[in-house]
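Colleague: predicted model and sequence follow; I will ask about them next.
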Amino acid sequence: MNHRDLWKRYQHYLCISSDVGLGLDVSRMGFDDAFVRRMSEPMAKALRAMAELESGAKANVDEDRMVGHYWLRAPALAPTETISADIETTLAAVKAFAGDVHSGAIKPQRGDGFFVVLVIGIGGSALGPQFVSDALGGVGDRMVVRFIDNTDADGIDRVLAELDEDIEQTLTIVISKSGGTKETRNGMLEVAAAYKQAGLAFGKHAVAVTCEGSLLHEKAVEEKWLRVFPMWDWVGGRTSEASVVGLLPAALQGIDVDALLGGAHDCDVATRECDPLKNPAALLAMMWYYAVEVRGIRNMVILPYRDRLALLSRYLQQLIMESLGKERDRGGKVVHQGLTVYGNKGSTDQHAYVQQLRDGTNDFFATFVRVLHVGDGDSIQVEEGFTSEDYLDAFWLGTRAALYEKDRESITVTLETLDARAIGTIIALFERAVGLYAELINVNAYDQPGVEAGKKAAGAVLDLQKKVSVYLGGADAPSSPEAIAEAIQEPDGVETIQHILERLTERRIPAP
């Protein structure tokens, strides 16, 4: 395609939502006008389904529950007055609690105030808060935020070592919908032990975010934790950033949560537009459909050209892959759907894997994310007539052009600024694109049977370890995997037993 035709295509397929400071350029994708016409009715159906979801339809039929993360930034849309009131009351409580912590009205057991927030969670209970914290944090934050998001003892020790004596002024937030998530439970127990070692009561420094009546809720009430905030069964972990899960750490850090919710709300409004060429979420979903169903491409590379968006690819990995990676469609037919997400940041990616993207296997499409304006300071000229910002934009344009020369397709998302409103906007954009694309391919975007299967398999391994440990406690017990498997009647578990033995050999448990 010559430059004149490409310019015309760019003008025709550029979607600008000026009210939210968002632009979407899909001109470097290879679809034609016939594809857009063919997608008109399927997309209209998807938009109707999205409207039904927002009205309270039980979109997550596998778990017999509604999907209402959109109500979090528009409580009036909720299907009942009770839900609307709960959202508004909880948001007010989050802001009031953060204000009391900042003012010193809520204090630690020792010292004048809290100045560190430690968030314990996993998956959606950590990825969203981590992304927002990194994107919007910096000099002037009201509190420092740290995360424990795994059951890796070394990783937990590393975070606790960074806290050191600051644990006295550390407020810990434990996030778990059911209260039974083992990774989060383990992190909580390790951190509680650290408080105890410092001569502190964990409950005087702890906050729970969980469902009413959960194991975590019961523990927090029994131990008189500082506060228990609600999670609702109609909010999934990967879409929970606009709930207490994301808003509480953000508010404590000093981030403007009203602006974040406002950006998400305004993006929701913009992406209810019926014309898919004027609706950035619908257009994005159509491009995914083109890439996967027409081109057979199942890899999306996220390339944000801002350091503050470095964690965007990790956040989107869960949102997109957990939502769309499904074996069966909603009718039970085997479809093996999914979109693999990975990424780096520009222009670092040029020195990492753009070589393969340009010259290797053509099995992906790129999604560039650029920001027009960040900060208020003026950049120096790194050479006559050019600033560091000029170079950053040039590297984006250069990488996009280099990929296009080799028939590598790409999308560009442009944000006018990078503030709390913009982060809310990009979160809502991808949430809605996921929901619309799921409708186009007829999968349930809101369940995660594969995750549950992994949890069950891990539980079976732990049950097997108990049997092995009991057996090894006996006199003259043979220690070869084969002999143990035969003795405990687990003939299919020989390899797993070998790995358990490796772990038990290295494990060190201190005496009580």
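Modeller: Structure received.
Colleague: which ones are touching Met300?
Modeller: Met300 makes contact with Trp288, Ala291, Ile320, Leu339, Thr340, Val341, Phe364, Phe365, Ala366, Thr367, according to C-beta atoms under 8 Å, 6 or more residues apart in numbering. The way it works is simple: take the backbone N, C-alpha and C, and place the C-beta from them, glycine included.
Colleague: which pair in these has the greatest spatial separation?
Modeller: Spatial extent of the contacts of Met300 (C-beta to C-beta) is set by the pair Ile320 and Ala366 at 14.6 Å.
Colleague: quick revisit: between the contacts of Met300, which sits nearest Ala394?
Modeller: Each of these was scored against Ala394 by C-beta to C-beta, and Ala366 proved nearest at 16.9 Å.
Colleague: what's the domain layout of this structure?
Modeller: 3-64+270-447, 69-255, 450-506 (automatic domain parsing).
Colleague: and Gly262, which of those is closest to it?
Modeller: So among the domains of the chain, domain 3-64+270-447 is nearest, using C-beta to C-beta, at 5.8 Å.
Colleague: list of residues touching stretch 59-77?
Modeller: 49, 52-58, 78-79, 83-85, 87-88, 232-236, 239-240, 242-243, 261-262, 264-265, 268, 330, 424, 428, 431, 444, 446-447, 449.
Colleague: give me phi/psi at Asp5?
Modeller: Asp5 adopts backbone torsions of phi -70, psi -40, taken as degrees, to the nearest 10.
Colleague: for whichever strand or helix holds Tyr437, output the C-alpha coordinates as PDB.
Modeller: Using DSSP states H and E, Tyr437 maps to helix 420-441. Provided in PDB are the C-alpha atoms of helix 420-441 (Å, rounded to 0.1, in the frame of the first residue of the first chain):
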ATOM      1  CA  ALA A 420      -5.600   8.700  37.300                       C
ATOM      2  CA  ARG A 421      -8.300   9.400  34.700                       C
ATOM      3  CA  ALA A 422      -6.200   8.000  31.900                       C
ATOM      4  CA  ILE A 423      -5.400   4.800  33.900                       C
ATOM      5  CA  GLY A 424      -9.100   4.400  34.600                       C
ATOM      6  CA  THR A 425      -9.800   4.900  30.900                       C
ATOM      7  CA  ILE A 426      -7.300   2.200  29.700                       C
ATOM      8  CA  ILE A 427      -8.600  -0.300  32.300                       C
ATOM      9  CA  ALA A 428     -12.200   0.200  31.200                       C
ATOM     10  CA  LEU A 429     -11.200   0.100  27.500                       C
ATOM     11  CA  PHE A 430      -9.600  -3.400  27.700                       C
ATOM     12  CA  GLU A 431     -12.300  -4.700  30.100                       C
ATOM     13  CA  ARG A 432     -15.000  -3.800  27.600                       C
ATOM     14  CA  ALA A 433     -13.000  -5.100  24.600                       C
ATOM     15  CA  VAL A 434     -12.600  -8.500  26.400                       C
ATOM     16  CA  GLY A 435     -16.400  -8.600  27.100                       C
ATOM     17  CA  LEU A 436     -17.300  -7.800  23.500                       C
ATOM     18  CA  TYR A 437     -14.800 -10.100  22.000                       C
ATOM     19  CA  ALA A 438     -16.000 -13.000  24.200                       C
ATOM     20  CA  GLU A 439     -19.500 -12.400  22.800                       C
ATOM     21  CA  LEU A 440     -18.100 -12.500  19.200                       C
ATOM     22  CA  ILE A 441     -16.500 -15.900  19.800                       C
END
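Colleague: so which elements touch the following helix or strand past that helix?
Modeller: Downstream of helix 420-441, the next assigned helix or strand under DSSP H and E is helix 449-472. When contacts are defined as 3 or more C-beta pairs under 8 Å, 6 or more residues apart in numbering; DSSP states H and E, helix 449-472 sits against helix 481-487, helix 494-506.
Colleague: and if we set it to 10 Å?
Modeller: Helices and strands touching helix 449-472, by 3 or more C-beta pairs under 10 Å, 6 or more residues apart in numbering; DSSP states H and E, are helix 182-197, helix 481-487, helix 494-506.
Colleague: tell me the most buried of those helices?
Modeller: Among the helices and strands packed on helix 449-472, ranked by average contacts under mean count of other C-beta atoms under 10 Å, first place goes to helix 182-197 (a mean of 19).
Colleague: tell me the mean pLDDT over that helix?
Modeller: If you average the pLDDT over helix 182-197, you get 96.
Colleague: for that helix, packing partners?
Modeller: Counting by 3+ C-beta pairs under 10 Å, 6+ apart, helix 182-197 packs on strand 116-120, strand 144-148, helix 153-163, strand 170-175, strand 206-210, helix 215-222, helix 449-472.
Colleague: next, format these as TSV and append distance to Ala483.
Modeller: Supplementary listing: the helices and strands packed on helix 182-197 in TSV, determined by distance: least, C-beta to C-beta, whole Å:
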stretch	distance to Ala483
strand 116-120	40
strand 144-148	39
helix 153-163	30
strand 170-175	42
strand 206-210	44
helix 215-222	38
helix 449-472	10
